[in-house]
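**Q** A structural model of the following input is requested.
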Amino acid sequence: MRYIHYCRKSTDDDDHQVASLDSQQTENERRFAGTAEIEIVTTYREARSAKTPGRPVFSEMLDRIERGEADGIIAWHPDRLARNSVDGGRIIYLLDTGKLKDLNFSSYNFENSSQGKFMLQIVFANSKYYVDSLSENVKRGIRTKVENGWRPNQPPIGYLNGDNATPIISDLERFPIVERMWQLALTGTYTLRQIRDTADLLV
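**A** Alright, predicted model coming up:
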C-alpha cells in the first residue's frame, strides 16, 4: 500500500514540546520504513500550526490522496494531522469514502473500522480541546496581568518588569538614554539621525 509520510511542527510557542520535524521523521522511518506492505511515496514536512484549517502542504497531501496517488498516511501522532474540526472531519470523511484506506502512527494504534474511526475522532477532539483550553488560559493570564498593572508582553525599551508591588521599573542602563532621546525629539530641532547619533554616544 502506498503511503504519504507527513511531519508537522507548529511554529507556535504552545507547541514547543512536541517532537521536532527531524525526530518525527526519524522515529516514523525507524518504525515503518522497510516494512513490506508499506511503500512511502513521498515525505512532506510542514512548520505550521494545525489550530486552524488552511495548511498548504496538508491540503496538497489530501488532494493527492483524493486523486488516488496514495492510499494511506504515516504520521507521528494524530494531532500532527489535525487540531481543528475541519481538518479532522476531512480525514474521517476520506476514510468513510475509502479514498484514504489506512493511517499509521508511531505513537498511536489506528484500525480502519467504525470503532477505530470513532476513537480517532475522540483523539482529534481532545487535540482541539487542548488548543482551545490553552488559548483561554493564556487570555485569562494576560487579563490578570493587565488588571494588576503589568504589561501583557515585554516592557518598552527603557523599562523592566518589576515585582507585584511595582510591576514596571526603570532600566537604569537604558532609561537615561531613552529619556534623552525624547527630550531631543520634543524640541523639534533634531533629525532622527542626529538623535540616533546622540544615543550612540551615550551608550
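**Q** quick one, helices of the protein?
**A** Listed in chain order, the helices of the chain (DSSP state H) span 21-32, 56-66, 85-97, 114-147, 175-187, 192-202.
**Q** any chance of those in TSV with distance to residue 105, mean neighbour count and mean pLDDT as columns?
**A** All C-beta spots, glycine's among them, are computed from the backbone N, C-alpha and C. Formatted as TSV, those follow (distance: least, Cβ to Cβ, whole Å; neighbours: other Cβ atoms under 10 Å; pLDDT from 0 to 100):
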stretch	distance to residue 105	mean neighbour count	mean pLDDT
helix 21-32	8	16	93
helix 56-66	15	16	97
helix 85-97	12	16	96
helix 114-147	10	14	82
helix 175-187	52	14	90
helix 192-202	54	12	85
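**Q** closest to residue 159 out of these?
**A** Distance to residue 159, taken as Cβ to Cβ, is lowest for helix 175-187 among the helices of the chain, at 7.0 Å.
**Q** contacts for the closest one?
**A** 157, 158, 159, 190, 194, 195, 198, 199, 202, 203 (Cβ atoms under 8 Å, 6 or more residues apart in numbering).
**Q** which one among the residues you listed gets closest to residue 27?
**A** Ranked by distance to residue 27 (Cβ to Cβ), those are led by residue 157 at 42.9 Å.
**Q** now do the phi/psi pair for the closest one.
**A** Main-chain torsions, residue 157, degrees, to the nearest 10: phi -60, psi 130.
**Q** hang on, it packs against residue 199?
**A** No. Using Cβ atoms under 8 Å, residue 157 is not in contact with residue 199, being 10.7 Å away.
**Q** and stretch 188-198, C-alpha only, in PDB?
**A** Presented in PDB, the C-alpha positions along stretch 188-198 are these (Å, rounded to 0.1, in the frame of the first residue of the first chain):
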ATOM      1  CA  GLY A 188      11.600  69.700  17.200                       C
ATOM      2  CA  THR A 189      15.100  70.800  16.100                       C
ATOM      3  CA  TYR A 190      16.800  67.500  15.800                       C
ATOM      4  CA  THR A 191      16.600  65.000  13.000                       C
ATOM      5  CA  LEU A 192      16.200  61.300  13.700                       C
ATOM      6  CA  ARG A 193      19.700  60.700  12.500                       C
ATOM      7  CA  GLN A 194      21.000  63.300  15.000                       C
ATOM      8  CA  ILE A 195      19.000  61.800  17.800                       C
ATOM      9  CA  ARG A 196      20.300  58.300  16.900                       C
ATOM     10  CA  ASP A 197      23.900  59.600  16.800                       C
ATOM     11  CA  THR A 198      23.500  61.200  20.200                       C
END
